[in-house]
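J.: Model the structure of this input:
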Amino acid sequence: MCRCVSRVRIAAVSVLAVLAVGATACTAPTSGPAATPSSMVLADGYEPDDLNPLLGFGQEGASKIYDGLYGHDADRVLQPRLAAAPATAAPDGRSWTVPLRTGVSFHDGTAFDAADVVATYRAILDPSRASTIRSSLPMLTGVEATGPATVRFDLSYPFLEFPGRLTLGVLPSEALAAPGPLANSPVGTAPVGTGPYRLGEWRKGSSMTLEANSAYWGGAPAVQRITIVFATDDNTRAQRVAAGEFDGTVLPPALARSVADGGAAQGLVLREHASADYRTVTMPFANPVTADPAIRAALNRAVNRQGMIDGLLAGQGEPASTPIPSVLPELVEPTAVFGYDPDGAGRILDAAGWVRGPDGTRSRGGTPARFTLMYSATDTVRRDLAQAFASDARAVGVTVALEGLGQEAIKARLGRDAMVLGGGDPFDPAFKSWQLLASANAADGYNNPGSYRNAAVDAALDAALRAPDEAARAAQVRRFQQAYVADPGMVFLAFLGHSYVSRDRWDGYRPVVEPHTHGTTWGPWWNVEDWTPRT
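T.: Residues are numbered from 1 along each chain as shown. Next comes the predicted model:
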């Protein structure tokens, strides 16, 4: 992995050069710095496609525009938001009743009540609405208002963690009155929620402005205006935050540390968050090379995970062998780990009949051990991980061709070609594992994109979802990991640490363990509605 370390050293030199150029070299949208602590300007590397929660926006509950029935606090404990109290399960666990907060209004002034909750969740269940998050609620069969401020959710099987599924934003029933696909709903660009901020202006491809909701049920935010500038290039965001144009941004770890060190005198601080955000290489079963158990077993032992973390992520991350993160130690099976063993990987391939050719690439029965690995062309971390993976694979005789592509091109080829995939959350990784690896979700977009199938994995994950208590659930999650490492369906690489640079002039920051979603949705600003200007 010396090659990876060298790349990081080169990158560090590039950072200093970029910062010396100055903001005039930047092609990203222009924006001035926040004039007073009552407003802030942030930069994000990604722009949402739309703002509809039923199409995935703010699904984990950190949206500034919407509230869910529940949300997680800094300690990952579920707390009522639009709910007035914790949900109550029926004796058989097949339904949950949620009391609702009263006196809450949407941004348009209409009152929030049970009809809005019912309309929101029925839209998810309705196939004609084509909600992209339907797979996040496979156990939900119906929702009913049992009073103006009470709703009941009906399930097809008992699900212990069901309240944690109720973090997505609630829409007004009026916004869902028109039939048809949710992709056509005006909510995507003109959102109406109950959250601490409302959309002020969205200049697509440039910036978005959020204005404080003065009538917010949790109290009017002291940070009254947030401008988010969209700038996909890491170096662009780095140089502009260093120049004082932004109050904060997300950056790759080494770059974030360089910018924070250089800007300490100007009040820039480094915020590094642990996460359950994995990066994995999918192994499609429709591809004759990646479908082979020996190839999958060997590559899991061929990759130098710690070397990738040290060399590419500046040490900000942890090795990953399964989708269960170490931030939840009670769920981790300590034996479910792949060590770095390239010699062992070679022996597995030899035993399976994959023979090295003159060019170093193995083959079997006329089929070369060669496949394509796709990654998002604008994501430097995925690019670097893909390059390191290809280098380690090449060392054991497997040739990996790399392609940096746009998301639409990647999605069209998920079943045939490997990709560097991201995902995960620290709230219910058992459910995320079911989405990612259960055969019931084969070829469902980014859920099990490679169509992995393993009966023992299915049995353990199904039992975890239906477990009657936390202890039984944890036992089944550990059983899942044991079954998975015996027949891996992917090559998990790392759980990433998320790195941010933020101007330190507000009180209220609290570190959190983040899901895959990050940037300005989470980051230091996950609870920005609670921040106050420092006097």
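J.: buried ones in stretch 198-210?
T.: Of the residues in stretch 198-210, 198-199, 202, 207-210 count as buried by neighbour count, 16 or more other C-beta atoms under 10 Å. From N, CA and C alone the C-beta is placed, and that goes for glycine too.
J.: how far does it stretch from start to finish?
T.: With C-alpha to C-alpha, to the nearest Å as the measure, stretch 198-210 spans 6 Å from end to end.
J.: possible to save the buried residues of stretch 198-210 as a markdown table with distance to Ile124, secondary structure and pLDDT?
T.: Output for these, formatted as a markdown table (distance: C-beta to C-beta, whole Å; DSSP: H, G, I helix; E, B strand; the rest coil; pLDDT from 0 to 100):
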| residue | distance to Ile124 | secondary structure | pLDDT |
| --- | --- | --- | --- |
| Arg198 | 23 | strand | 98 |
| Leu199 | 22 | strand | 98 |
| Trp202 | 24 | strand | 97 |
| Ser207 | 30 | strand | 97 |
| Met208 | 25 | strand | 97 |
| Thr209 | 29 | strand | 98 |
| Leu210 | 25 | strand | 98 |
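J.: I'd like those residues as TSV, with distance to Leu405 appended.
T.: Shown next, in TSV, are those (distance: C-beta to C-beta, whole Å):
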residue	distance to Leu405
Arg198	35
Leu199	31
Trp202	26
Ser207	26
Met208	26
Thr209	31
Leu210	31
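J.: from those, which single one is nearest Ala123?
T.: Among the buried residues of stretch 198-210, Leu199 lies closest to Ala123 (C-beta to C-beta), at 20.2 Å.
J.: can you pull up the bridge partners for that closest one?
T.: With DSSP bridges applied, Leu199 shows beta-bridge pairing to Leu210.
J.: Let me know whether it touches Leu210 as I believe.
T.: Yes: under the criterion of C-beta atoms under 8 Å, Leu199 makes contact with Leu210 at 6.5 Å.
J.: anything in contact with each of these two?
T.: By the contact definition C-beta atoms under 8 Å, 6 or more residues apart in numbering, Leu199 and Leu210 are jointly contacted by Ile65.
J.: Quick check, Leu78 in contact with Leu69.
T.: No: with contact defined as C-beta under 8 Å, Leu78 does not reach Leu69; the gap is 9.9 Å.
J.: So for the two, which sits in the more crowded spot?
T.: Higher neighbour count among Leu78 and Leu69: Leu69, with 28 against 20, using other C-beta atoms under 10 Å.
J.: Could I get the contacting residues of the more buried one?
T.: Residues counted as contacts of Leu69 (C-beta under 8 Å, 6+ apart) are 80-83, 87, 98, 100, 117, 163, 166-167, 170.
J.: wait, which of the residues you listed is closest to Ala351?
T.: Thr167 (46.9 Å).
J.: and the closest one, what helix or strand is that in?
T.: Using DSSP states H and E, Thr167 sits within no helix or strand.
J.: Wait, it touches Gln59, no?
T.: Yes: applying C-beta under 8 Å, one finds Thr167 in contact with Gln59, separated by 7.1 Å.
J.: which stretches of the protein form helices?
T.: Ranges of helices in the chain, per DSSP state H, are 2-21, 114-125, 234-242, 253-262, 293-302, 305-312, 342-351, 380-395, 407-412, 429-437, 455-465, 470-486.
J.: nearest to Ala190, of these?
T.: Closest approach to Ala190 among these (C-beta to C-beta): helix 114-125, 16.7 Å.
J.: before we move on, the earlier item: of Thr167 and Gln59, which one has the most company?
T.: Thr167 (24 against 21).
J.: What's the separation between the more buried one and Val104?
T.: 16 Å (C-beta to C-beta, to the nearest Å).
J.: low pLDDT regions in the chain?
T.: 1-36 (pLDDT under 70).
J.: domain assignment for it?
T.: 2-47+204-273+500-510+518-533, 54-187, 278-496 (automatic domain parsing).
J.: Now distance to Thr194 too, for the ones you listed, in a markdown table please.
T.: Listed next are the domains of the chain as a markdown table, based on distance: least, C-beta to C-beta, whole Å:
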| stretch | distance to Thr194 |
| --- | --- |
| domain 2-47+204-273+500-510+518-533 | 7 |
| domain 54-187 | 5 |
| domain 278-496 | 21 |
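J.: Could you point out which of the ones you listed sits nearest Gly193?
T.: Here domain 54-187 is closest among the domains of the chain (C-beta to C-beta), at 3.7 Å.
J.: Ends of that closest one, what's the gap?
T.: 10 Å.
J.: can you check stretch 421-437 too?
T.: End-to-end for stretch 421-437, by C-alpha to C-alpha: 13 Å.
J.: swap in stretch 352-365?
T.: 11 Å.
J.: buried stuff in it?
T.: Buried-residue list, stretch 352-365, by 16+ other C-beta under 10 Å: 352, 354, 361-364.
J.: on that earlier part again, ok, which pair from the buried residues of stretch 198-210 is furthest apart?
T.: Going by C-beta to C-beta, the pair spanning the buried residues of stretch 198-210 furthest: Arg198 and Ser207, at 15.8 Å.
J.: Hmm, Leu312 is touching Leu385, no?
T.: Yes: Leu312 is within contact range of Leu385, at 6.5 Å (criterion: C-beta under 8 Å).
J.: show me the contacts for the most far-flung residue of the chain relative to its centre.
T.: For the chain, the largest distance from the centre (C-alpha atoms, centre = their mean) belongs to Pro358, which lies 41.9 Å off. The contact partners of Pro358, taken as C-beta under 8 Å, 6+ apart, number zero.
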